[in-house]
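*Asks:* Could you work out the structure for the sequence below:
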Amino acid sequence: MSIKPPLAWIGAGLCAALAIAAVAADHFALTRGVDQAVVLWVNRVASHNGVVNHAIWSGSEMPLVMGVLQVALFWYLWFAEGGKPDRALLARSFGGVMIVAVLSRVLQLALPQRLRPLHDPESLFHPLVGVDPSLLNRDWGSFPSDHAVMYFALACVLWRRSWWVGLLALLSALYNVLPRVYLGLHYLSDIIGGALLGIGFILMFERFGPQWRAERMLAWEARRPGLFYGAAFMVSYEVATLFTDIREVARGIPSVVRSLAGMS
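*Replies:* Residues are numbered from 1 along each chain as shown. Below is the predicted model:
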């Protein structure tokens, strides 16, 4: 009996997650020296001006130059000349971006926790003037960088359709992730690992991912365009903002669960 494509993908995902979990500790040990050297060098050359550091932080968090630009480029290609075949490929690839975004969050929660340089005393990172050390939740590890996973995955999708559109998306991704090393929010290997995960998953998904779901989406677009594009706007918003509102809600779930467990 043949295995249905969704079940095959679930099985492949579980095997990949187990393999990543098995090598995560070795990865951290292997890259520790390089990560430490990069952190110390960046920390040494960092600005001592609080206004400059706050501007770098604020700029790196602006959705307009991160996800919004990439999503706008995606919809540019969607409405460019090419017709249904190109839209089918874009729809399938965008689904892959959504899946790998969820996968990166699962890995952050499931893998051995790696503290961010900003929160790790062993990193010897000195918090920058003008940057609040409590910026990010300590309960989530830094590997892999979900920013790198999402935005490099989307840049890969766009690059494979148009090199100049992909170049703009790549520059946007770099603008987003490199300041996070400067600010002590990620080690360099968090960024590289996230980028490789996002790009590798998209390349695999475009080769082996299910085509019939993309065709179903296009049929829905033709039949109910208002409903389709309304839903597409909502999904695009979440991708452009890296699911910020959903993540904020999820951030409080562990404390709620602990409170309920304490009451029982």
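*Asks:* okay, CA-based contacts and neighbour counts for the rest of this
*Replies:* Will do.
*Asks:* so what's the residue nearest to Arg87 when sequence neighbours are not counted up against?
*Replies:* Counting by CA to CA, 6 or more residues apart in numbering, Arg87 lies nearest to Trp78, which is 5.9 Å off, once chain neighbours are set aside. Residues near Trp78 by CA atoms under 8 Å, 6 or more residues apart in numbering: Asp86, Arg87, Leu90.
*Asks:* and Trp78, helix, strand or coil?
*Replies:* The three-state label for Trp78, taken from DSSP: H, G, I helix; E, B strand; the rest coil, comes out as helix.
*Asks:* So it versus Arg44, what's the distance?
*Replies:* 44 Å (CA to CA, to the nearest Å).
*Asks:* Okay, buried residues for stretch 86-101 please.
*Replies:* Residues of stretch 86-101 classed as buried under the neighbour-count rule (16 or more other CA atoms under 10 Å) are 87-101.
*Asks:* How about stretch 36-43?
*Replies:* For stretch 36-43, the neighbour count (16+ other CA under 10 Å) marks Gln36, Val38, Val39, Leu40, Val42, Asn43 as buried.
*Asks:* again with stretch 113-120
*Replies:* For stretch 113-120, the neighbour count (16+ other CA under 10 Å) marks Gln113, Arg114, Leu115, Arg116, Pro117, Leu118, His119 as buried.
*Asks:* quick one: which of the contacts of Trp78 is nearest Arg32?
*Replies:* Leu90 (37.7 Å; CA to CA).
*Asks:* in what helix or strand does that closest one lie?
*Replies:* Secondary structure assigned from DSSP states H and E places Leu90 in helix 84-110.
*Asks:* Averaged pLDDT, that helix. What do you get?
*Replies:* When pLDDT is averaged along helix 84-110, the result is 78.
*Asks:* Next secondary structure after it?
*Replies:* Where DSSP H and E defines the elements, the next helix or strand beyond helix 84-110 is helix 146-159.
*Asks:* how much does the helix holding Leu90 deviate in direction from helix 146-159?
*Replies:* Here helix 84-110 runs at 170 degrees with respect to helix 146-159, directions being taken by axes from the mean of the first three to the mean of the last three CA atoms, to 10 degrees.
*Asks:* And Leu185, how far from Val157?
*Replies:* Spatial separation of Leu185 from Val157 under the definition CA to CA is 26 Å.
*Asks:* From the neighbour counts alone, determine which of these two ranks first.
*Replies:* For Leu185 versus Val157, the count of surrounding residues by other CA atoms under 10 Å is larger for Val157: 26 against 22.
*Asks:* Please list all residues in contact with that one.
*Replies:* Leu90, Ser93, Phe94, Gly166, Ile202.
*Asks:* rerun that using 10 Å as the cut-off
*Replies:* For Val157, the contact set (CA atoms under 10 Å, 6 or more residues apart in numbering) comprises 74, 89-90, 92-94, 96-97, 151, 165-166, 169, 199, 202-203, 206.
*Asks:* Would you map the strands across the stretch 151-264 of the chain?
*Replies:* Along the stretch 151-264 of the chain, no stretch is classed among the strands by DSSP state E, counting those that start in this stretch.
*Asks:* Any stretches of it with poor pLDDT?
*Replies:* For the stretch 151-264 of the chain, the stretches flagged by pLDDT under 70 are 209-212, 214, 245-264.
*Asks:* Lovely, talk soon.
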